[in-house]
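Undergrad: A predicted structure for the sequence below; I have some questions about it.
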Amino acid sequence: MSRLHVLVVLPALLLVAACDPSGPSADEVDDTLEPPLDGQGFQLSIDTEAPPRSEIWKCFVYPMPHEEISAVQSVEYIQTPGTHHMTLSTLGFNSAGRIPHGEYDCEELYGESSLMQEQVMFFGAQGTDRETLSLPEGTVANFPLNMDVIHEVHFVNVSDEPVHIFSRVNAYTIPQDLIREQIWGGQVRDETIEIPASGQKTEWTRCEFNVDVEVLFLASHTHALGREFTIRSWDGETSGDVFYTNNDWHNPLITQYDPPLIVPAGTGFEYACTWDNWRDEPVSYGLHSTDEMCNLAIVHTPFNMSAQCDVVETSDGVLWSPDDE
């Protein structure tokens, strides 16, 4: 699993949405989301602007707006229609002050530093402009104090007018004495994607958990060339039947499993991405909308900071790890 672990994952991770030029104009979009009542949660919120015919990738660094350890059981969010991705992350349990507060171009903030590999992502949501996501009763993401948040938005403005970019995220909490279980999770990434010019390509990855887990949510992530994303079970020797298929790259198809999927240590998943490259040049892995990705997002219990789905085999034979950098 990528070092971009999920500290307090809520059920959507680094997912993607369409940039729809036919959507409502900026003046027609309601950017209002009332924050939770006192004692019932908190809100994270940012605003910026995308100039005409531009692609922006902005990172806002600010203190987490909670005043006590907070057990988040559900989340409601709204965002600018057509947002490519939005994520909330931190640099660890005691990250306050590590980066001066303010607005940054993410590419400049991350640059050649190790910040991106140090990130602990705790929420990301795309695919819809407004949604509410809930964990099972008594299952929470528990936020400690003294944390700064990196609130990241990526938007491609294909119009001739500036677009108001906003992101509002309400986190709704329950009392600590009602907690039954806490979550953890992360994503598995294929960072050695090579799609030939004017051609199709399928790549698969197999990963095995290092501890026993119960999977609550799975979700997919590719960019615009993605045509199909599938997931099979992997028992350590053979792969099972496809049980998850997504043919719409706009929609991450966040899937909740109730009862959860029981995944013993030494077993996991085989996931595959198929792309159709209509361009006259090859496309590889990257963070921009014109690059490609193939990421599997996983949310599970129990909370275990060392739990991860380790890549054991890939179609191209490359077992990439952030530790290689």
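TA: Yes, it's here.
Undergrad: where exactly do the strands run in the stretch 201-325 of the chain?
TA: 213-221, 226-234, 239-246, 255-263, 268-277, 283-284, 295-301, 309-314 (DSSP state E, counting those that start in this stretch).
Undergrad: Report the buried residues of the fifth one.
TA: Pointing back at strand 268-277 there. Residues 268-275, 277 are the ones in strand 268-277 that count as buried (16 or more other C-beta atoms under 10 Å). Bear in mind the C-beta positions are built from the backbone N, C-alpha and C, glycine included.
Undergrad: Go through the strands of the stretch 201-325 of the chain and name the closest to residue 177.
TA: strand 295-301 (18.5 Å; C-beta to C-beta).
Undergrad: Verify the stated contact: residue 213 with residue 306.
TA: No. At 11.5 Å, residue 213 does not count as touching residue 306 under the criterion of C-beta atoms under 8 Å.
Undergrad: how about TSV for the buried residues of strand 268-277, with distance to residue 174 added?
TA: Converted to TSV, the buried residues of strand 268-277 look like this (distance: C-beta to C-beta, whole Å):
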residue	distance to residue 174
268	31
269	30
270	36
271	32
272	38
273	37
274	41
275	42
277	46
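Undergrad: any idea which of the strands of the stretch 201-325 of the chain is most buried?
TA: The highest average neighbour count among the strands of the stretch 201-325 of the chain, using mean count of other C-beta atoms under 10 Å, belongs to strand 295-301 at a mean of 26.
Undergrad: what's the distance between that one and the middle of its chain?
TA: 9 Å (C-alpha atoms, centre = their mean, to the nearest Å).
Undergrad: Now do it against strand 213-221, angle only.
TA: Per axes from the mean of the first three to the mean of the last three C-alpha atoms, to 10 degrees, the angle that strand 295-301 makes with strand 213-221 is 150 degrees.
Undergrad: in its sheet, what does strand 295-301 sit against?
TA: Strand pairing for strand 295-301, determined by DSSP bridges: strand 184-189 (antiparallel), strand 213-221 (antiparallel).
Undergrad: which parts of the first one are buried?
TA: Of the residues in strand 184-189, those scored as buried under the neighbour-count criterion (16+ other C-beta under 10 Å) are 184-189.
Undergrad: what sits against residue 277?
TA: 195-201, 225, 283 (C-beta atoms under 8 Å, 6 or more residues apart in numbering).
Undergrad: And it, what's its pLDDT?
TA: You'll see residue 277 listed with a pLDDT of 95.
Undergrad: Same check on the one 3 residues further on?
TA: Predicted confidence (pLDDT) at residue 280: the value is 93.
Undergrad: List the buried residues for stretch 197-214?
TA: Of the residues in stretch 197-214, 201, 203-210, 213 count as buried by neighbour count, 16+ other C-beta under 10 Å.
Undergrad: pLDDT on that stretch, on average?
TA: Stretch 197-214 comes out at a mean pLDDT of 96.
Undergrad: try stretch 145-155
TA: On average, stretch 145-155 scores 89.
Undergrad: Run a quick neighbour tally on residue 97.
TA: 10 (other C-beta atoms under 10 Å).
Undergrad: for this protein, what are the low-confidence residue spans?
TA: 1-27, 92-95, 112-114, 116-121, 124-127, 320-325 (pLDDT under 70).
Undergrad: can we see that at 80?
TA: The chain contains residues with pLDDT under 80 at 1-28, 84-85, 91-97, 111-128, 250-252, 287-289, 318-325.
Undergrad: Need the outlier residue of it, farthest from its centre.
TA: Distance from the centre of the chain peaks at residue 280, with 29.6 Å (C-alpha atoms, centre = their mean).
Undergrad: wait, what's in contact with that residue?
TA: 197-198.
Undergrad: how close does it sit to residue 140?
TA: Distance, residue 280 to residue 140, using C-beta to C-beta, to the nearest Å: 49 Å.
Undergrad: what's the domain layout of this structure?
TA: Segmentation of the chain into domains, based on automatic domain parsing, reads 26-182, 184-324.
Undergrad: Tell me, how many residues neighbour residue 191?
TA: Residue 191 has 17 neighbours, counted by other C-beta under 10 Å.
Undergrad: can I assume it sits in a helix?
TA: No. Counting by DSSP: H, G, I helix; E, B strand; the rest coil, residue 191 is not part of a helix but coil.
Undergrad: Residue 284 is in contact with that one, correct?
TA: No. Residue 191 is beyond contact range of residue 284, at 9.2 Å (criterion: C-beta under 8 Å).
Undergrad: re earlier: with distance to residue 54 added, can I get the strands of the stretch 201-325 of the chain in JSON lines?
TA: Formatted as JSON lines, those follow (distance: least, C-beta to C-beta, whole Å):
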{"stretch": "strand 213-221", "distance to residue 54": "23"}
{"stretch": "strand 226-234", "distance to residue 54": "23"}
{"stretch": "strand 239-246", "distance to residue 54": "29"}
{"stretch": "strand 255-263", "distance to residue 54": "34"}
{"stretch": "strand 268-277", "distance to residue 54": "24"}
{"stretch": "strand 283-284", "distance to residue 54": "21"}
{"stretch": "strand 295-301", "distance to residue 54": "25"}
{"stretch": "strand 309-314", "distance to residue 54": "35"}
